[in-house]
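J.: Fold the stuff below for me.
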Amino acid sequence: MKIQASILALFAATLIGGCTTTTTAPTNTGSIRGNIALFNASGDTLSNYAGVTAQIQGTSFQATSNAVGDWEIDNIPAGVYNVSFTKLGFDTLVIPQYQFSGAGTSFLLSNAIQAIPMDSLPLTLSNSGYSALAGFTSSGDSIIIYHGSIDFTGNLSGPDSLEQSSVIATFGAVADSNSNFNQSEYVIDGHLPALQSIPYTKPPVMSGTAVTVRSFLWARITQKTEGFTHFQQAVSPYSSVQTFIIP
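T.: From the prediction side, this is the model:
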């Protein structure tokens, strides 16, 4: 009887086990592939595009480009991702909010990053035409309005012989974007072609205000680089920063 009871119990357990099923929701995955080009600091294409890391930010999904710039990341689930392209010595390109369906293969083509320039543009500054005049606000309060020009000249320093530069002058607090001037210039034969000026008329600027002037360079954009849908142009990190005080 004990043997029969054991057999019945085993049979019942088998029936119960057979009625239990485990289902796993299918994962919708696919591949993202593309091509990445490399430019030197002067905007010319390199002969080898290998070594660029294409990565789905915040995940372990990544791939490395080959000599012709091709890369592919497989088994990616559906989602919205930021896709980044990085290589040591080059600027970083991020394609934000890329919607991936997870089915089949999606393509990211016409991408390029540029080598970080090593040039800087030291400037010689002066404050000319400076004057302080009495003025009035819209409510009738009296104020002092300061007029003048920030004059600057500069010579290129570095190995890359870049052509384009920007100069930003900030009056007082750096966070005060309304007080910023931004002026772009071309560098010809290693120097600014002539004396450049940034005029200003600043009611809130007081005598003794610090003016910070920063210059930096970036490579030219050639017709070749303009053909890329996603192109990250690198700016030199070696900016020239000077400060002077309004008298």
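J.: wait, doesn't Leu192 sit right on Glu185?
T.: Yes - the pair Leu192 / Glu185 is scored as a contact, 5.7 Å apart, by C-beta atoms under 8 Å. Every residue, glycine included, has its C-beta placed from N, CA and C.
J.: Overlap of the contact sets of these two?
T.: Common contacts of Leu192 and Glu185, defined by C-beta atoms under 8 Å, 6 or more residues apart in numbering, comprise Ser165.
J.: Can you mark which positions in stretch 229-236 are buried?
T.: Within stretch 229-236, the residues that count as buried by 16 or more other C-beta atoms under 10 Å are His230, Phe231, Gln232, Gln233, Ala234, Val235, Ser236.
J.: End to end on it, go ahead and measure it.
T.: Start-to-end span of stretch 229-236 (C-alpha to C-alpha, to the nearest Å) is 22 Å.
J.: Counting neighbours, what do you get for the residue lying closest to Ile246 once chain neighbours are set aside?
T.: Of all residues not flanking Ile246 in the chain, Thr209 sits nearest, at 4.9 Å (C-beta to C-beta, 6 or more residues apart in numbering). By other C-beta atoms under 10 Å, 16 other residues sit near Thr209.
J.: Now the element after the helix or strand bottoming out on mean pLDDT in the chain, going C-ward?
T.: The weakest-scoring helix or strand in the chain, judged by mean pLDDT, DSSP states H and E, is helix 2-18 (a mean of 44). Moving toward the C-terminus from helix 2-18, the next helix or strand (DSSP states H and E) is strand 29-39.
J.: Against which helices or strands is that next one packed?
T.: Counting contacts by 3 or more C-beta pairs under 8 Å, 6 or more residues apart in numbering; DSSP states H and E, strand 29-39 packs against strand 53-56, strand 70-77, strand 105-114.
J.: Pull out the buried residues from that strand.
T.: Of the residues in strand 29-39, those buried (16+ other C-beta under 10 Å) are Gly30, Ser31, Ile32, Arg33, Gly34, Asn35, Ile36, Ala37, Leu38, Phe39.
J.: Please verify my assumption that the third one contacts Gly104.
T.: No - at 10.3 Å, Ile32 and Gly104 do not qualify as touching, with contact defined as C-beta under 8 Å.
J.: which residues in this structure form helices?
T.: 2-18, 223-226 (DSSP state H).
J.: Would you mind giving me the confidence score for the closest residue to Ser84 other than its chain neighbours?
T.: Nearest residue to Ser84, sequence neighbours excluded (C-beta to C-beta, 6+ apart): Val94, at 4.8 Å. We have a pLDDT of 96 for Val94.
J.: Let me know whether Val94 touches Gln57 as I believe.
T.: Yes - using C-beta under 8 Å, Val94 makes contact with Gln57 at a distance of 7.3 Å.
J.: Now do the shared contacts for these two.
T.: Listed as contacting both Val94 and Gln57 by C-beta under 8 Å, 6+ apart are Asn82, Val83, Ser84.
J.: okay, the residues you listed in CSV with distance to Asn66, neighbour count and pLDDT next?
T.: Formatted as CSV, these follow (distance: C-beta to C-beta, whole Å; neighbours: other C-beta atoms under 10 Å; pLDDT from 0 to 100):
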residue, distance to Asn66, neighbour count, pLDDT
Asn82, 23, 14, 95
Val83, 18, 23, 96
Ser84, 18, 17, 96
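J.: Let's have those in CSV, adding distance to Phe152.
T.: Output for those, formatted as CSV (distance: C-beta to C-beta, whole Å):
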residue, distance to Phe152
Asn82, 38
Val83, 40
Ser84, 36
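J.: In contact with Ile76, which residues are there?
T.: Shown in contact with Ile76 (C-beta under 8 Å, 6+ apart): Thr29, Gly30, Ser31, Ile32, Ile56, Phe61, Phe100, Gly102.
J.: Out of the helices and strands packed on strand 29-39, which is the most enclosed?
T.: strand 53-56 (a mean of 20; mean count of other C-beta atoms under 10 Å).
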